[in-house]
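# how would this look folded up:
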Amino acid sequence: MQMKTFKASIVSGIFFSLVLPIGLLTILKPITSSDFSFYAISGTLTFYLFLGTMLAVSQIIGLERRDGKFSLMIASGIPKELYMMSILFSNGFGTLIFIPILILVADFLYGVSPSNVISLVISLVLSIYVGSIMGTDLAFSTRNYYTINSLSQVISFGLIFFAPVYYPVTAVPIPLRYFTYLEPTTYISQSIYHSYVGGNSIFYLMGLLIYGVVLTMFGRLLERRT
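Predicted structure coming up:
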C-alpha cells in the first residue's frame, strides 16, 4: 500500500512539476505574440511556483497535523519552528530544482532568456517563501484537513487566474487594477517578467518582501492560537 502511494506521489509530482508547466509553455507558444512571450513565461513560472508551494505546503502540514505526526514531533522535543522550516525548505528545494529545466524549455520555445539573472533568482526565492508561508498560515487556520484541502485549491488557483499573471497590470481596467496589488501572484509574475525584459523589478521585489514579513507575523499569531 505504501509503495503504491509512493509511486502515485512520484507520478503526480512529475506531472505538476514538469508535464503541466511545459505543456502550458507549448500550448501558449502558437497564440502568443512576440511582445507577450515574456508574460507567457512569467505566468507559467508563477503558476508552477505558487501551486508547488502554497498548495503543497498547506496540504503537507495539514495532513501531518491531522495524523498527529506534527504533535508527536513537537512532543519529542523538536522545536516547532525548526520542524516547520524543514518542511518549507524541503518543499522549496524540490520546487526550485525544476526551475532551470523550465527556463531552458522556455528559451528553446520562445528564444528568450533572463536579462537579469540575479533579479530572477531573488524573485524565485522570495516567491517560494511567500507561497510556502501562505500555505503554512492556511494549514494552521483550521484543524479540518478537508477544509484546508479545499481552500488551498480555491485560493491558489483563484490567485493565479484572477491576477495579472499572463498579461500586464495595465491591461486591468481602473479601479480593478488597484485590487491586483493586493494579490501576491501579481508581484511574483511581474518580478519574473521584469527580470526577463531588464526592467526595474525593485517595486515588485519589495512587495514580495513585505508580503513575506506580514504573512510570517500573521502565522506566528495562528501558531500561538493552536
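# list the contacts for Gly207?
Applying Cβ atoms under 8 Å, 6 or more residues apart in numbering, one finds that Gly207 lies in contact with Tyr181, Pro184, Thr186, Tyr187, Ser191. Glycine gets a C-beta too; all of them are placed from N, C-alpha and C.
# does it count as helix, strand or coil?
When states are read from DSSP: H, G, I helix; E, B strand; the rest coil, the local structure at Gly207 comes out as helix.
# so which helix or strand takes in the spatially most central residue of the chain?
In the chain, the residue lying closest to the centroid (Cα atoms, centre = their mean) is Phe50, at 2.0 Å. When secondary structure is defined by DSSP states H and E, Phe50 falls within helix 37-50.
# before we move on, the earlier item: ok, the residue nearest to the centre of the chain touching Ser132?
No: under the criterion of Cβ atoms under 8 Å, Phe50 is not in contact with Ser132, lying 10.3 Å apart.
# what's the closest of the contacts of Gly207 to Asp137?
Checking the contacts of Gly207 against Asp137 with Cβ to Cβ, the nearest one is Pro184 at 11.8 Å.
# of the contacts of Gly207, buried ones?
Of the members of the contacts of Gly207, the ones counted as buried by neighbours, 16 or more other Cβ atoms under 10 Å, are Pro184, Thr186, Tyr187, Ser191.
# tell me which of those residues is nearest to Leu25?
Sorting these by distance to Leu25 puts Ser191 at the head of the list, at 18.8 Å, by Cβ to Cβ.
# who's in contact with that closest one?
Neighbour list for Ser191: Ser119, Ile122, Ser123, Leu126, Ser127, Ser201, Tyr204, Leu205, Gly207, Leu208 [criterion: Cβ under 8 Å, 6+ apart].
# Ala139 too?
Contacts of Ala139 were listed using Cβ under 8 Å, 6+ apart, and they are Val57, Ser58, Gln59, Ile60, Ile61, Gly62, Arg65, Ile148.
# So which of those belong to strands?
When DSSP state E is applied, those are split such that none fall in strands.
# and those, which are buried?
When burial is judged by neighbour count using 16+ other Cβ under 10 Å, the buried members of those are Val57, Ser58, Gln59, Ile60, Ile61, Gly62, Arg65, Ile148.
# Now do the nearest residue in space to the last one that is not next to it in sequence, the pLDDT please.
Using Cβ to Cβ, 6 or more residues apart in numbering and skipping the chain neighbours, the partner closest in space to Ile148 is Gly62 (3.8 Å). Among the per-residue scores, Gly62 shows a pLDDT of 87.
# isn't Gly62 right up against Tyr146?
No: in this structure, Gly62 sits apart from Tyr146 without contact. The criterion is Cβ under 8 Å, and the distance is 9.0 Å.
# Enumerate every residue touching the residue nearest to the centre of the chain.
Ser127, Gly131, Ser156, Leu159, Ile160, Thr185, Ile188.
# how near is it to Asp35?
24 Å (Cβ to Cβ, to the nearest Å).
# before we move on, what about Leu28?
According to Cβ to Cβ, Leu28 stands 13 Å off from Asp35.
# Of these two, which one has the most company?
Comparing Leu28 with Asp35 by neighbour count (other Cβ atoms under 10 Å), the higher total belongs to Leu28, at 19 against 8.
# Need the nearest residue in space to the more buried one, chain neighbours excluded.
Leaving aside its chain neighbours, Leu28 sits nearest to Ala40 (4.4 Å; criterion: Cβ to Cβ, 6+ apart).
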